[in-house]
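Trainee: Here is a sequence with its predicted model. Questions after.
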Amino acid sequence: GAGVSQSPSNKVTEKGKDVELRCDPISGHTALYWYRQSLGQGLEFLIYFQGNSAPDKSGLPSDRFSAERTGGSVSTLTIQRTQQEDSAVYLCASSLDTGASYEQYFGPGTRLTVT
Amino acid sequence: AQSVAQPEDQVNVAEGNPLTVKCTYSVSGNPYLFWYVQYPNRGLQFLLKYITGDNLVKGSYGFEAEFNKSQTSFHLKKPSALVSDSALYFCAVRPQRSNDYKLSFGAGTTVTVRA
């Protein structure tokens, strides 16, 4: 079946611009996660959503980062006033639930380059 | 806070030889442990997980991992490596507490299998 999809696959933006990254989780998966992969920091958790519960935003690095999940499916990660240190690969994952036995399935990522 | 250490940045083996990728973890309470693999320009693919029960876990593509609670380790192994196993491998942990669902990843180990 279809996996997690992300768009765009690559995004180049100028410093100070806003960007939106999109994630389509696997159909039926109630949990959705965003991670960031960068050379200096490895893989970092950003935020996760589970059903109608309040999202866990504890990993967002600054208030320039926000995310929403509409209708319990598609999610958008927004970065305002981008900085060069925001350059990274942004990975989205989904799981059937948040229980222990439910592994996270990852999308191919969006490579963000801030010039 | 939980953390994962992958002490080797790179592992090089000849095809047909055993492959081991090391992982140690730190977590409050009991862990859930995962291994993921990442091929170039691809997202992370799930390999295997330890939740409870048998310490030896078998996963995809002939990989297995052994959970050792006393040594807080979860090393990934494959008895006979293939050139196609060359990739970046990540170990991840999350605590068994029900309200903490995010994964903490190691820095990754690049595996190169030479023909």
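Mentor: Done, it's in. Worth saying up front: this structure is predicted, and the values here are computed from it rather than measured.
Trainee: residue ranges for the strands of the chain, please.
Mentor: Looking at chain A here, since you left the chain open. Here chain A has its strands, by DSSP state E, at A:5-7, A:10-13, A:19-24, A:31-38, A:42-50, A:65-69, A:75-79, A:88-95, A:105-106, A:110-114.
Trainee: try again with chain B
Mentor: For chain B, the strands defined by DSSP E occupy B:3-5, B:10-14, B:19-21, B:24-26, B:31-38, B:44-50, B:56-58, B:64-68, B:73-78, B:87-95, B:104-105, B:109-114.
Trainee: near chain A at all, the shortest one?
Mentor: Pointing back at strand B:104-105 there. Yes. Contact of strand B:104-105 with chain A (CB under 8 Å from any CB of the partner chain) involves B:S104, B:F105. All C-beta atoms are positioned from the backbone trio N, CA, C, and that covers glycine.
Trainee: which helices and strands does that strand pack with?
Mentor: Counting by 3 or more CB pairs under 8 Å, 6 or more residues apart in numbering or on different chains; DSSP states H and E, the packing neighbours recorded for strand B:104-105 are strand A:42-50, strand B:3-5, strand B:87-95.
Trainee: Please repeat the previous calculation with a cut-off of 10 Å.
Mentor: strand A:42-50, strand B:3-5, strand B:31-38, strand B:87-95 (3 or more CB pairs under 10 Å, 6 or more residues apart in numbering or on different chains; DSSP states H and E).
Trainee: and if you look at the fourth one?
Mentor: Here strand B:24-26 is seen to pack against strand B:3-5, strand B:73-78, strand B:87-95 when contacts are counted using 3+ CB pairs under 10 Å, 6+ apart.
Trainee: Can you say which of the ones you listed is packed in most?
Mentor: Among those, strand B:87-95 has the highest mean neighbour count (mean count of other CB atoms under 10 Å in any protein chain shown), at a mean of 23.
Trainee: and that one, anywhere near chain A?
Mentor: Yes. Judged by CB under 10 Å from any CB of the partner chain, strand B:87-95 and chain A are in contact via B:F90, B:A92, B:R94, B:P95.
Trainee: now that strand: mean pLDDT?
Mentor: Averaging pLDDT along strand B:87-95 gives 94.
Trainee: swap in stretch A:50-58?
Mentor: The pLDDT scores in stretch A:50-58 average 87.
Trainee: still on that earlier bit, is it possible to get JSON lines of the helices and strands packed on strand B:24-26 that adds distance to A:Y105?
Mentor: What follows is the helices and strands packed on strand B:24-26, written out as JSON lines (distance: least, CB to CB, whole Å):
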{"stretch": "strand B:3-5", "distance to A:Y105": "20"}
{"stretch": "strand B:73-78", "distance to A:Y105": "19"}
{"stretch": "strand B:87-95", "distance to A:Y105": "13"}
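Trainee: Quick check: which of those is nearest to A:D18?
Mentor: Nearest to A:D18 among the helices and strands packed on strand B:24-26 is strand B:87-95 (30.1 Å), distances taken as CB to CB.
Trainee: neighbouring strands for that closest one, and are they parallel or not?
Mentor: strand B:31-38 (antiparallel), strand B:104-105 (antiparallel), strand B:109-114 (antiparallel) (DSSP bridges).
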